[in-house]
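[1] This is a predicted model, with the sequence first.
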Amino acid sequence: MNISTLFSKNRSFWIALIILFVVFLGLLFLERTKYIINLVPRLRGEVSIGNGFVITCAKDNYPLIIREDDPLIGQQLRFLGTVKSIFSETIDDLCNSNGITVEVGSNFGYNSVLLGKMLKEDGRIYCLEPNPSIFLYLRKNIIINDLESHCVLKNIAVSSASGECSIEDYFTMSKLADGTYTKPDMIKVDCNTLDDEMKEEMRAIDLLTIDVPGLEFLILGGASRILEHSNIKVVFMFDNAESSKNTDVRTELNNLHALGFRFYISREENDISPITIDEILDLESAVLILSRKLL
């Protein structure tokens, strides 16, 4: 009796056996996932430097020190070498290689490094990161990528007023066994307005990026003089629920419209389209762009 005859006479048995085998392989894979998680980054050339930090590569070209269990960019960066983000793609597209960019919320510097590598001789990026612990590694990442001549680092929080403010310290978050993270501690840091922090360069800023969802309008509230600059474009992560806790979103959008700004939404790479205030208010979150000029 050949194999095909045996299979045809016992089809249900063999199908059940195959299903059980596939389930067994799936369970085996899940059991070994922790080993695979450690293997893939090392195949990409990741190097552990102790104390829970690793050196990985952004875009397979640029070294970047991050926390091994970083909750924001860690998994994508360590496995893929890139962070698939509409925000990142949008600011890459809008950055003027000869201009001045201000980046609020630099974190470990993934976007800072990629933007810095785009800049030509006269281009500069100001990287603002409020967390003092993360800021130390931001500085290291700028240094190891030889971007000190293009990147100006500021360890400061920005908001609608100067003084002292409380921020979530993502540096204190730890990954649990189920893949979730502990709640971050709150720390107090120095705070300033963007107008005061960037007063020497305010009229030369081409692009302002804000990656602090929920606080975008408070940050813009301290940038009234910067926003007077006719050529400036603003890209920010909009989180309706979080923003609504801090301000009246419709009022803020109306105020920006009164300054002459048009609103755009970035849905994917090279897909930027106009959006109305009412449409923005119906969104949960989005990457939004402000510009006085047509995009």
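    Perfect, thanks for sending it.
[2] which intervals of the chain have sub-threshold pLDDT?
    1-14, 16, 23-39, 269 (pLDDT under 70).
[3] what about the strands in it?
    47-50, 53-58, 62-67, 100-104, 124-128, 151-154, 157-158, 163-169, 185-192, 205-210, 233-239, 262-268, 271-274, 285-291 (DSSP state E).
[4] So if we follow the domain assignment, how does this protein break up?
    Domain assignment for the chain by automatic domain parsing gives 3-43, 84-291.
[5] which one of the ones you listed lies closest to residue 74?
    domain 84-291 (8.8 Å; CB to CB). For every residue, glycine as well, the C-beta is placed using N, CA and C.
[6] Now do the closest one: distance to the chain's middle.
    9 Å (CA atoms, centre = their mean, to the nearest Å).
[7] re earlier: with respect to burial, which of the strands of the chain scores highest?
    Scoring the strands of the chain by mean neighbour count under mean count of other CB atoms under 10 Å gives strand 157-158 as the most buried, with a mean of 28.
[8] How about residues contacting that one?
    104, 128, 130, 165, 167, 189-194, 197, 219, 222-223 (CB atoms under 8 Å, 6 or more residues apart in numbering).
[9] got it, and stretch 78-88?
    Contacts of stretch 78-88 (CB under 8 Å, 6+ apart): 40-41, 44, 46, 54, 56-60, 66, 68, 73, 76-77, 110-111, 114, 209, 211, 235, 237, 266-269, 287.
[10] switch the cut-off to 7 Å
    40-41, 44, 46, 56-60, 73, 76-77, 110-111, 211, 237, 266, 268, 287 (CB atoms under 7 Å, 6 or more residues apart in numbering).
[11] Quick one: neighbours of the nearest residue to residue 175 once chain neighbours are set aside, just the number.
    Once flanking residues are discounted, residue 175 sits nearest to residue 69: 4.1 Å by CB to CB, 6 or more residues apart in numbering. A count of nearby residues for residue 69, using other CB atoms under 10 Å, gives 15.
[12] List the contacts of residue 69.
    Contacts of residue 69 by CB under 7 Å, 6+ apart are 52, 174-175.
[13] Go through those residues and name the one nearest residue 183.
    Nearest member of these to residue 183, counting by CB to CB, is residue 174, at 10.0 Å.
[14] what about that closest one, neighbour count?
    So residue 174, with other CB under 10 Å, has 12 neighbours.
[15] what's the answer for the one 4 residues further on, then?
    Burial measure for residue 178: 6 neighbouring residues, criterion other CB under 10 Å.
[16] do the same with residue 295
    13.
[17] Hmm, it is touching residue 263, no?
    No - taking contacts as CB atoms under 7 Å, residue 295 lies outside contact range of residue 263: 10.3 Å.
[18] unless I'm mixing things up, residue 201 is touching residue 102, no?
    No - checked against CB under 7 Å, the pair residue 201 and residue 102 is beyond contact range at 8.0 Å.
[19] Identify the contacts common to those two.
    With the criterion set as CB under 7 Å, 6+ apart, the contacts of residue 201 and residue 102 do not overlap.
[20] where's the residue nearest to residue 175 relative to residue 187, distance?
    Using CB to CB, to the nearest Å, one gets 19 Å for the distance from residue 69 to residue 187.
[21] Nearest residue to residue 247 in space, please, no chain neighbours.
    Nearest to residue 247 is residue 217, by CB to CB, 6+ apart, at 4.8 Å.
[22] nope, residue 184 is what I meant
    Nearest one to residue 184, counting by CB to CB, 6+ apart, is residue 168 at 4.3 Å.
[23] Please apply the same query to residue 148.
    Closest to residue 148 by CB to CB, 6+ apart is residue 142, at 6.2 Å.
[24] Could I get the contacting residues of the one you found?
    So residue 142 contacts 109, 112, 148, 151, 153 (CB under 7 Å, 6+ apart).
[25] if we go to 10 Å?
    106, 109, 112-113, 116, 125, 127, 148, 150-153 (CB atoms under 10 Å, 6 or more residues apart in numbering).
[26] quick one: it and residue 59, what's the gap?
    16 Å.
[27] on that earlier part again, for residue 135, see how far away the residue nearest to residue 148 is.
    For residue 142 relative to residue 135 (CB to CB), the value is 11 Å.
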